[in-house]
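*Asks:* What would the 3D arrangement of this be:
(one chain, ligands or ions: 1)
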Amino acid sequence: MAADCSLYTLTAAGHSRRTRDTKFHSGSKLGRVVAVNRARIVYEAPRVTAKPGESVVTSTCGHNCGGRCAVNAHVRDGQIVKISTDPRRWTPEMPPLHACVRGFGQAERVNHPDRLKHPLRRTGPRGSGQFERISWDEALDEVAHQMLRVRDTYGPAAILDCSRTGSLSTLHGRGVSQRFLHMFGGCTELWSNLSAEAEIFAVKQTYGAKAEYKSAGREPIDYVNSRLIVMWGWSPGDGTFGTGTMQYLKRAKHHGARIVSVDPRVTRSSRQLADEHVFIRPSTDAAALIAMAYVITSQGLQDQAYLDRYVLGFDEAHLPPGAPAGASYRAYLMGEVDGVRKTPAWSEKITGMPAATLERLAVELGTSKPAAIQCGYAPGRTIHGEQFHRAAYALAAMTGNVGIPGGNSGTSNGATGRCGIRLLPAGTNPTGARVASSMLADLLDRGRTGGYPADIKMIYSVAGDLFNQVPNVARIVAAAQRLEFMVVHDHFLTPTARYADIVLPATTFWERNDVHTPWAGAGHYAIFMKQAIEPMGECRNDFDICSELSRRLGITGYNDKTEEEWLRELTGGVIDDFDTFRERGLARLPAPDDAVAFAREIRDPEHHPFTTPSGKIEIYSMTLAAKPDPYGLGAIPPIPTWIEDEIDSRYPLRLVTPKSRARTHSIHGNQPILSRVDADDVWINTADAIARGIVDGQAVRVFNARGATRLPARVTDRIAPGVVSIKEGAWFTPDTSGADTRGCANVLTADRTSPAGAAPFNSCFVDVAPIP
Ligand code: SF4
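*Replies:* Residues are numbered from 1 along each chain as shown. This is a model prediction of the structure:
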């Protein structure tokens with residue numbers, strides 16, 4: 001298909017906009033073209049030519065993995081024998097979608113000897129792993145019977161939906177179970193996003209109700225326009241965070257952007273990109289950002305004209321009517337109400353970041369326009385994580401960097417979102433029963449006596465491994481013993497599936513058709529996930545399983561279309577040639593009008609106000625001022641504020657749980673070949689190791705009051721003193737005493753929540769001891 005091009009250029013006003021052109025521009029850095037857009041969709045086949053006797057089928061991993069790449073299956077005699085990826089060389093304008101190592105590991109996964117291939121019924125104690133093979137009819141009859149029994153005996157809220165993002169795509173994703181349970185009469189839902197709820201919340205408070213976190217950042221092609229990039233708790237080199245993000249960052253660095261990394265660990269991204277690395281104590285990031293705001297304000301480096309025009313709440317002159325005196329951010333920074341000036345020295349005591357370093361970084365941020373703060377989700381996975389994100393967005397606004405080329409809102413997603421491609425409609429939950437996800441252990445344990453909507457009697461889990469992936473595993477599995485019934489759809493007998501009464505074998509994405517869009521909301525493309533092989537053994541699609549159950553339960557209208565009809569409908573209005581899309585595999589879609597989110601609001605605020613109550617960027621949230629405790633989980637101040645977490649002095653080390661490059665959360669956790677890419681170990685600073693008599697490689701016990709696990713120690717100065725890290729997602733494998741033996745981090749983390757519903761994985765205290 002012929003493509004006429006339209007390109008992002010900088011306008012005279014300095015804004016990055018899409019314009020029609022057919023050439024690539026060059027010239028000064030800020031004059032360069034920053035994105036290519038095709039006005040029409042271009043369909044590409046991102047794969048090598050098949051050899052005789054094989055077919056090469058394009059798909060992408062249907063997981064919550066951080067990227068969205070071309071992952072091609074080489075199929076011989078009905079079996080996937082090899083994986084390859086997009087063979088083209090990288091260019092910024094038309095980047096190929098190169099797979100990460102997990103994509104190549106899909107061959108090991110789909111052909112794994114432990115793959116579930118027929119339904120199972122539990123025969124031993126719950127969690128023992130003892131099951132017998134049964135027929136589909138037996139399994140589905142039992143599940144239907146138990147669903148009706150539990151609903152009619154206790155009400156639908158006694159059924160808990162523990163489904164998650166193990167299968168993540170347009171049709172065969174989480175909507176399958178949500179739609180099913182909602183149409184059945186409802187359930188209790190675990191509502192909050194375990195990765196990013198703090199950011200989801202903060203984006204809406206600061207940038208407005210219609211602002212979506214996946215489209216509140218900037219397209220990576222704009223990175224080159226930044227003079228300064230601060231990677232704050234953000235490591236796309238470990239967690240991917242958008243296919244090609246590392247290449248775009250390297251390009252920005254090559255063109256002169258200075259890159260600073262603030263993180264408790266010297267990450268892969270920091271090693272490869274950063275001109276400077278600054279350690280910080282986990283769970284204290286908001287204090288550092290607030291002190292940077294203090295430095296900028298006290299030295300008069302804020303962009304006052306920008307603040308006056310676009311921002312609510314920086315100073316007393318820009319507060320909404322009715323706000324009390326001293327409610328502005330400036331008053332808070334200067335200690336006008338609490339008597340505490342938020343100086344670098346004040347921050348150093350909390351964060352461990354040297355005051356002089358912080359002051360220098362703040363001045364640099366205030367004088368290096370355009371500058372971008374790129375935040376990861378990890379600092380928001382803390383007990384007041386929303387304050388971290390709000391403080392970062394406040395700094396972006398104070399320095400006039402929101403909505404301009406080379407600047408950024410403070411998020412690290414793209415500006416595109418889902419490109420208009422819709423998800424299977426899930427409907428709404430008739431019970432309205434909702435619980436913050438990180439409270440699963442407390443919910444199962446205490447039910448109504450803990451103030452929750454129901455006593456949970458049954459769990460329904462599709463593509464979820466929440467017993468492993470939410471905090472306080474020991475409490476979860478103990479409480480699970482009191483369940484009356486539990487059903488799991490999955491590919492393997494995961495740590496969660498081991499506790500089920502009925503396990504149903506599901507297809508992987510290779511065994512069905514689907515469509516997927518970029519994880520980070522950046523890059524404006526879609527991939528057709530073409531079926532490569534027939535379902536293995538007796539495996540069925542999750543959607544088909546729920547359809548079968550719907551028939552048994554008398555639910556009408558759950559699934560009234562074929563797979564192809566659904567995909568045509570969900571991509572309708574975006575994909576203009578479905579057959580070509582399915583055949584070729586990759587659709588390059590039109591780019592958003594601006595490469596940077598909120599450019600329109602900054603360019604023309606009168607006609608395009610922010611969707612906050614004031615129409616401005618709200619450092620002072622009018623919504624929170626009116627309703628400080630939106631979820632009944634605790635009050636949130638209207639301005640970004642440092643709130644100290646309780647320190648558990650029994651356990652002197654702070655634990656962080658970053659991503660493994662060998663897993664997507666717990667997916668791939670049973671693959672010995674892939675696991676060699678990124679070893680499971682506990683990072684500990686050299687000084688902390690010496691103090692405990694630990695040497696590199698030694699087996700150690702990591703423990704606190706909630707549990708313990710065992711891992712080899714990695715003694716390194718790549719982690720800050722007083723901090724240890726364990727990569728999240730290793731499979732809970734208890735010994736006879738119940739202690740974990742394989743490095744499952746969530747035996748240590750606490751079942752708590754931030755007031756905004758964030759899961760505080762990174763607010764955790766532990767100690768480490770050598771195993772003799
Ligand atoms: S980033 Fe995601 S989609 Fe890309 S290869 Fe890795 S696991 Fe697959």
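
*Asks:* What about the closest residue to the ligand within the stretch 451-600 of the chain? Give its phi and psi, please.
*Replies:* Distances between the stretch 451-600 of the chain and the ligand by C-beta to the nearest ligand atom are smallest at W519, namely 6.9 Å. (Glycine included, C-beta is placed from N, CA and C.) For W519, the backbone dihedrals are phi -60, psi -40 (criterion: degrees, to the nearest 10).

*Asks:* near the ligand, which residues of this protein show up?
*Replies:* Residues of the chain lying close to the ligand (C-beta under 6 Å from any ligand atom) are 60-61, 63, 65-69, 71, 99-100, 102-103, 240, 243, 664.

*Asks:* on that earlier part again, wait, the residue of the stretch 451-600 of the chain closest to the ligand touches G62, no?
*Replies:* No: look at W519 against G62 with C-beta atoms under 8 Å: they stay out of range, at 11.1 Å.

*Asks:* Tell me the confidence at the residue of the stretch 101-250 of the chain found nearest the ligand?
*Replies:* Relative to the ligand, the nearest point of the stretch 101-250 of the chain is G103 (2.6 Å; C-beta to the nearest ligand atom). In the predicted model, G103 carries a pLDDT score of 98.

*Asks:* Not counting sequence-adjacent ones, nearest residue to it?
*Replies:* In this structure, G103 finds its nearest non-sequential neighbour in V71, 4.2 Å apart by C-beta to C-beta, 6 or more residues apart in numbering.

*Asks:* quick one, phi/psi of the one you found?
*Replies:* Taking degrees, to the nearest 10 as the convention, V71 sits at phi -120, psi 110.

*Asks:* ok, it - contacts?
*Replies:* For V71, the contact set (C-beta atoms under 8 Å, 6 or more residues apart in numbering) comprises 58-61, 83, 85, 99, 103, 106.

*Asks:* again, but for N64
*Replies:* N64 neighbours (C-beta under 8 Å, 6+ apart): 164-166, 168, 195, 519, 664-665.

*Asks:* Per-residue pLDDT of it, please?
*Replies:* At N64, the pLDDT recorded in the model is 96.

*Asks:* distance of it from Y248?
*Replies:* 22 Å (C-beta to C-beta, to the nearest Å).

*Asks:* Confirm that A198 lies within a helix, as I assumed.
*Replies:* Yes: remark: A198 belongs to a helix, assigned using DSSP: H, G, I helix; E, B strand; the rest coil.

*Asks:* For it, give me its contacts.
*Replies:* With the criterion set at C-beta under 8 Å, 6+ apart, A198 makes contact with 377, 380-382, 385-386, 388-389, 754, 756, 758.

*Asks:* before we move on, what about P760?
*Replies:* 283, 381-383, 385, 438, 471, 749-750, 752-754.

*Asks:* burial count for A209?
*Replies:* 11 (other C-beta atoms under 10 Å).

*Asks:* Kindly report the same for A317.
*Replies:* There are 9 residues near A317, going by other C-beta under 10 Å.

*Asks:* follow-up on the earlier one: so which of the contacts of A198 is the closest to T428?
*Replies:* Closest approach to T428 among those (C-beta to C-beta): A756, at 21.4 Å.

*Asks:* For the residue of the stretch 601-750 of the chain found nearest the ligand, list the residues it contacts.
*Replies:* Of all residues in the stretch 601-750 of the chain, the one sitting closest to the ligand is T664 (5.8 Å; C-beta to the nearest ligand atom). T664 sits next to 61, 63-66, 102, 729 when contact means C-beta under 8 Å, 6+ apart.

*Asks:* got these as a markdown table, with secondary structure columns?
*Replies:* A markdown table is the format used below for these (three-state DSSP):
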| residue | secondary structure |
| --- | --- |
| C61 | coil |
| H63 | coil |
| N64 | coil |
| C65 | coil |
| G66 | coil |
| R102 | helix |
| G729 | coil |
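
*Asks:* Considering the residues you listed, which possesses the most neighbours?
*Replies:* Ranking the contacts of T664 using other C-beta under 10 Å puts C61 first, with 30 neighbours.

*Asks:* For it, which residues are in contact?
*Replies:* Here C61 is in contact with 67, 69, 71, 102-103, 106, 509, 664 (C-beta under 8 Å, 6+ apart).

*Asks:* Now, the residues you listed that are in helices?
*Replies:* 102-103, 106 (DSSP state H).

*Asks:* hey, where'd the helices end up in the stretch 251-400 of the chain?
*Replies:* 268-273, 285-298, 304-310, 329-333, 344-351, 355-367, 385-398 (DSSP state H, counting those that start in this stretch).

*Asks:* Then the stretch 501-650 of the chain?
*Replies:* Under DSSP H, counting those that start in this stretch, the stretch 501-650 of the chain gives helices at 542-553, 563-571, 578-584, 599-603, 622-626.

*Asks:* Output those helices in a markdown table, with mean pLDDT and mean neighbour count appended to each entry.
*Replies:* Shown next, in a markdown table, are the helices of the stretch 501-650 of the chain (pLDDT from 0 to 100; neighbours: other C-beta atoms under 10 Å):
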| stretch | mean pLDDT | mean neighbour count |
| --- | --- | --- |
| helix 542-553 | 98 | 20 |
| helix 563-571 | 98 | 17 |
| helix 578-584 | 98 | 17 |
| helix 599-603 | 98 | 21 |
| helix 622-626 | 98 | 18 |
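
*Asks:* could you dump those helices to TSV with distance to D680?
*Replies:* Below are the helices of the stretch 501-650 of the chain laid out as TSV (distance: least, C-beta to C-beta, whole Å):
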stretch	distance to D680
helix 542-553	29
helix 563-571	37
helix 578-584	39
helix 599-603	43
helix 622-626	40
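
*Asks:* Please name whichever of those helices is nearest to G407.
*Replies:* Closest to G407 of these is helix 599-603 (C-beta to C-beta; 9.3 Å).

*Asks:* Dump the closest one to PDB, restricted to CA.
*Replies:* Written as PDB, here are the backbone C-alpha positions of helix 599-603 (Å, rounded to 0.1, in the frame of the first residue of the first chain):
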ATOM      1  CA  ALA A 599       0.800  19.700  23.900                       C
ATOM      2  CA  ARG A 600      -2.600  20.800  22.800                       C
ATOM      3  CA  GLU A 601      -3.500  22.000  26.300                       C
ATOM      4  CA  ILE A 602      -0.300  24.100  26.500                       C
ATOM      5  CA  ARG A 603      -0.600  25.400  22.900                       C
END
